[in-house]
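**Student:** Take a look and give me a structure for this.
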Amino acid sequence: MMEESVRFEREGHIGLITLNRPDELNALNYDALERLGNLIEQVRLDAKEIRVVIVKAEGRAFSAGADLKERRTLAEQQVRRNVRKIRDVFTALERLPQPTIAMINGFAFGGGFELALACDFRYAVADAKMGLTEVSLGIIPGAGGTQRLSRLIGVSKAKELILTARRIQAQEAYQIGFVNAVAKDTEELRELAMGLADEILANAPLAVYQAKSAIDRGSSVDLQTGLDIETMCYEVIIPTTDRLEALEAFREKRKPVFKGE
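**Tutor:** Down below sits the predicted model:
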């Protein structure tokens, strides 16, 4: 039986999405993109049970980006289809209500870099190498890289990395604000990701989702509009059972038991 190009598992309330083409450095062909997109939709629909999502990869690479072996066989219209697909899949990942964590265990170039960029948090091993290398291949980042990176680290620094096709190591990625922390090895990488997931899981899931939504939707608008968005997100939380449970737990001096309701 052929191995799935992208695998999904659950550990409690954590959903683990694993890129599973290690012999191809987890390059993203059309099959992998379709599989990833379908899994993201399943995760979105199961937000009550799956409350944090971790994106990781098998082998020595997170993802080398688009599958150039496949790309060489495609007609122009098929190339356009693939570019639309990867952009749409990464946008769906970015828009998940659940917090998402990328575990960068090795190379993350082009689309692999953009996949991590679509997540809320990024951790990388110390020897990971990453970058948006598309202009060296005669193209540009097409899965959100030109937009998300500039919003994350600033326009000038994003231009520097994209226009030079520079490959950077994890420590520099940390210094410029692309990754949240650097792990010494893959074991510590998992500990960092799972530790953050556990911290998030200790809180009311619907409140976490609305807080993420308020930040994401408010970050590209003026302050007053952002405050209005925050108010709307807060309104969603007021009638929830979890909010009342938190108040009761405070009164009883115990930890609240949140159900995502």
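
**Student:** Can you find the helix or strand of this protein with the lowest average pLDDT?
**Tutor:** helix 68-71 (a mean of 82; mean pLDDT, DSSP states H and E).

**Student:** Following element in sequence after it, please.
**Tutor:** helix 76-94 (DSSP states H and E).

**Student:** picking that back up, in the least confident helix or strand of the chain, what's buried?
**Tutor:** By neighbour count on 16 or more other C-beta atoms under 10 Å, the buried set for helix 68-71 is 70, 71. The C-beta positions use only the backbone N, C-alpha and C, and glycine is treated the same way.

**Student:** ok, residues contacting it?
**Tutor:** Residues outside helix 68-71 that contact it (C-beta atoms under 8 Å, 6 or more residues apart in numbering): 24, 27, 29, 30, 79, 82, 137.

**Student:** just for this protein, where's the confidence low?
**Tutor:** The chain contains residues with pLDDT under 70 at 1-2.

**Student:** in it, which spans are helices?
**Tutor:** 30-45, 68-71, 76-94, 111-117, 145-153, 155-164, 170-175, 186-201, 205-218, 223-237, 241-252 (DSSP state H).

**Student:** Tell me which of those helices sits nearest to residue 129.
**Tutor:** Counting by C-beta to C-beta, residue 129 lies closest to helix 170-175 out of the helices of the chain; the figure is 8.0 Å.

**Student:** Kindly export the closest one (C-alpha atoms) in PDB.
**Tutor:** Taking C-alpha atoms only, helix 170-175 is exported to PDB below (Å, rounded to 0.1, in the frame of the first residue of the first chain):
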ATOM      1  CA  ALA A 170      17.600  29.200  12.200                       C
ATOM      2  CA  GLN A 171      19.400  31.700  14.400                       C
ATOM      3  CA  GLU A 172      19.100  34.500  11.900                       C
ATOM      4  CA  ALA A 173      15.500  33.500  11.300                       C
ATOM      5  CA  TYR A 174      15.000  34.000  15.000                       C
ATOM      6  CA  GLN A 175      16.800  37.300  15.100                       C
END
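
**Student:** what sits up against that helix?
**Tutor:** By C-beta under 8 Å, 6+ apart, the surrounding residues in contact with helix 170-175 are 104, 122, 124, 125, 126, 127, 128, 130, 179, 180, 181, 182.

**Student:** Most neighbours among these, please name it.
**Tutor:** Using other C-beta atoms under 10 Å as the neighbour criterion, residue 104 leads those with 31 neighbours.
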